[in-house]
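Visitor: Structure for the following, please:
(one chain, ligands or ions: 1)
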Amino acid sequence: MCPGCLKEGYETYCNPCLKKLFNGKKVSHVLTFTQPEFNEQRLNQSEHLSISGIQIKHSLKLEKKKLILTETGGAYILKPTPLASFLNLDYTPANEHLTMQLAGQIFYIHTPPNAFIRFRDNLPAYIVRRFDVLPDGNKLLQEDFAQVAGKSEENSGKNYKYDFSYEEIAGLMKKHISAYHIEIEKFFRLVIFNYLVCNGDAHLKNFSVFRNNEYGDYTLTPAYDLLNTSLHIPNEGDTALELFKGEFATESYKHGRKYAQDDFYEFGIKIGINKARIDKIYGGFLNKENIIRSLINRSFLSGELKEKYFDSVLSRMKRLEYSYEGKL
Ligand SMILES: [Zn+2]
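Guide: You can find the predicted model right below:
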């Protein structure tokens with residue numbers, strides 16, 4: 001299995017993956033350092049510890065054919081197993097990798113090149129190419145939607161990342177993005193995808209834009225931090241944010257208390273996508289069980305977690321297929 005695209009018949013990264021990830025250099029899928037060595041080096045660079053909560057991540061750069069830890073000029077982010085007390089955490093790298101591959105390969109969601117990788121002591125990690133770093137080393141200006149919305153813990157309290165709706169994110173996009181009609185379809189697709197794969201942590205900071213300095217305009221960045229959180233936090237809510245702002249709810253939701261087809265259609269209309277485009281985008285999420293199953297089976301999850309992953313997607317697929325209005 002290629003640890004990048006999960007194609008069968010490979011023992012390491014296939015050529016297309018080497019090209020996308022490492023500009024064609026023959027980089028090994030085993031790092032030259034162990035996880036303890038990684039942690040130690042990271043602690044030595046303690047002023048950079050605040051990147052994000054419980055998740056340890058670190059920048060890597062490519063030197064010849066070796067990936068090495070770096071404080072500056074890193075073109076990759078390495079994410080090992082996080083330190084926390086949720087379930088099955090050893091499999092978060094495999095989960096994130098699989099989920100990103102599902103998004104990119106099956107649902108045409110723009111994702112940065114990413115792969116599964118191992119430390120020298122065999123422990124798993126997820127590696128992703130930084131999309132804010134250009135090939136010449138220059139950085140693009142990136143802002144997440146908490147920044148765009150002007151929300152922080154100081155001004156909006158501890159729950160600030162969750163105290164918002166996807167409809168309101170669309171509202172901010174409309175205000176700041178001149179190619180809104182294109183970008184909003186990408187956003188719509190991503191919101192449906194997160195629901196399908198049980199990503200219950202797609203909060204305000206997990207969506208970002210590039211800021212184009214010259215024109216003061218924005219475009220959406222590729223998707224990131226996608227994973228099936230139900231494998232780690234079984235009782236988490238279905239979505240990190242509500243679809244709709246305020247008290248609005250569809251008849252379907254009032255009857256079932258779960259988002260289903262009518263909710264996503266209504267959401268699509270509210271954010272300005274026409275019915276024909278909604279049909280097309282939404283249709284792309286249905287009847288994909290077989291190819292989803294096949295990619296899950298080739299992933300680095302354990303046998304048990306492959307079943308859990310697939311079962312959770314199937315139950316969401318059923319909800320996406322269900323229309324209360326259509327049954328009246
Ligand atoms: Zn590959």
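Visitor: Quick one: residues contacting the spatially closest residue to Val133 that is not a sequence neighbour.
Guide: Once flanking residues are discounted, Val133 sits nearest to Ala75: 5.1 Å by CB to CB, 6 or more residues apart in numbering. Backbone N, C-alpha and C define where each C-beta goes, glycine included. Listed by CB atoms under 8 Å, 6 or more residues apart in numbering, the contact set of Ala75 reads 59-62, 129-130, 133.
Visitor: Helix or strand next in line after the longest helix anywhere in the chain, which one?
Guide: Secondary structure of the chain per DSSP state H: the longest helix is helix 303-321. Toward the C-terminal end, the helix or strand that comes next after helix 303-321 (DSSP states H and E) is helix 324-327.
Visitor: Contacts only, for Ile101.
Guide: No, residue 101 isn't Ile; it's Gln. Gln101 neighbours (CB under 8 Å, 6+ apart): 5-6, 114, 295, 299.
Visitor: before we move on, the earlier item: who wins for most neighbours among the contacts of Ala75?
Guide: Leu60 (22 neighbours; other CB atoms under 10 Å).
Visitor: pretty sure it is in a helix, no?
Guide: No: under DSSP: H, G, I helix; E, B strand; the rest coil, Leu60 sits outside any helix and is assigned strand.
Visitor: Which strand residues bridge it?
Guide: Leu69, Tyr76 (DSSP bridges).
Visitor: so what's it up against?
Guide: 67-70, 74-78, 127.
Visitor: among the contacts of Gln101, which are in strands?
Guide: Judged by DSSP state E, those include Asn114 as members of strands.
Visitor: Look up phi and psi at Val209.
Guide: Phi and psi for Val209, reported as degrees, to the nearest 10, are phi -130, psi 150.
Visitor: Please apply the same query to the one 10 residues further on.
Guide: With angles defined as degrees, to the nearest 10, Thr219 sits at phi -130, psi 150.
Visitor: Next one, pLDDT for the residue in the stretch 51-200 of the chain that the ion sits nearest to please.
Guide: Nearest residue of the stretch 51-200 of the chain to the ion: Ala115, at 7.9 Å (CB to the ion). Note on Ala115: pLDDT of 98.
Visitor: Quick check: it vs Gly256, distance?
Guide: As for Ala115, its distance to Gly256 is 39 Å (criterion: CB to CB, to the nearest Å).
Visitor: okay, the two: which has more neighbours?
Guide: Ranked by neighbour count (other CB under 10 Å), Ala115 and Gly256 place Ala115 first, with 27 against 15.
Visitor: For PyMOL, what selects the buried ones among the contacts of Leu60?
Guide: Selection of the buried residues among the contacts of Leu60 in PyMOL, burial being defined by 16 or more other CB atoms under 10 Å:
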select buried, resi 67+69+70+74+75+76+77+78+127
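Visitor: what residues are up against the nearest residue to Leu134 once chain neighbours are set aside?
Guide: Spatial nearest neighbour of Leu134, excluding adjacent residues (CB to CB, 6+ apart): Leu140 at 6.7 Å. Shown in contact with Leu140 (CB under 8 Å, 6+ apart): 131-134, 210-211.
Visitor: I'd like these laid out as a markdown table, including pLDDT and distance to Gly237.
Guide: Formatted as a markdown table, these follow (pLDDT from 0 to 100; distance: CB to CB, whole Å):
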| residue | pLDDT | distance to Gly237 |
| --- | --- | --- |
| Phe131 | 94 | 28 |
| Asp132 | 93 | 29 |
| Val133 | 90 | 34 |
| Leu134 | 86 | 37 |
| Phe210 | 94 | 29 |
| Arg211 | 87 | 31 |
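Visitor: In PyMOL, select just the buried ones from these.
Guide: With 16+ other CB under 10 Å as the criterion, this PyMOL line picks the buried residues out of these:
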select buried, resi 131+133+210+211
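Visitor: Of the contacts of Leu140, which is the nearest to Ile271?
Guide: Phe210 (20.2 Å; CB to CB).
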